[in-house]
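>>> mind looking at a prediction? Sequence and model below.
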Amino acid sequence: MKKILVSACLMGYDCRYKGDNCKNQRLLDLGKDSILIPVCPEQLGGLATPRLPGEITGGKVLASDGSDITEQYRRGADFALAVAKANNVDFCILKANSPSCGKGMIYDGTFSGNKIEGNGVAAQKLLEAGFTVYNENEITEII
Ligand code: SF4
């Protein structure tokens, strides 16, 4: 049985900055014959829920009020990587576009909804450690 590290918000946990989730039924369906291991790097890094949104800009993560939350994001990424390693996961499915979990595209740091190429802090850390990372839009590819 495959072990998959997943963004907790995709499983229906209310851990998004607004206190809601983005439950994805196709991902939950994968749990019928895989073990889904949820992590929320932002919560693991010590950020509260709800919280201000954050975006990556100039190598830092800033909240929408300008406060620097880079350390919390880094800590959360370290925890997510530790969970991935401890469970020896086969791959990861993380939330698209997130400054923590996004892979390939992230918001551009202007809080305007624009996206640019890049990875979220946790996704980047997992990729650097050699894990394969997908986002929820790539589930068809995985199946
Ligand atoms: S850090 Fe990841 S798991 Fe947590 S709310 Fe953001 S996208 Fe979802």
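Perfect, I can see it now. Numbers count the residues shown, from 1 in each chain.

>>> run through the bridge partners of residue 54.
In this entry, residue 54 is beta-bridged to residue 63, by DSSP bridges.

>>> I'd say it and residue 65 touch.
No - assessed by Cβ atoms under 8 Å, residue 54 is found out of contact with residue 65, at 10.2 Å. Yep, even glycine has a C-beta here, placed from its N, CA and C like the rest.

>>> who's more crowded, the two?
Each of residue 54 and residue 65 has its neighbours counted (other Cβ atoms under 10 Å); residue 54 has more, 28 against 8.

>>> need the contact list for the more buried one.
Shown in contact with residue 54 (Cβ atoms under 8 Å, 6 or more residues apart in numbering): 17, 42, 61, 62, 63, 64, 69, 73, 99.

>>> which of those lies closest to the ligand?
Here the nearest of the contacts of residue 54 to the ligand, counting by Cβ to the nearest ligand atom, is residue 42; it sits at 3.8 Å.
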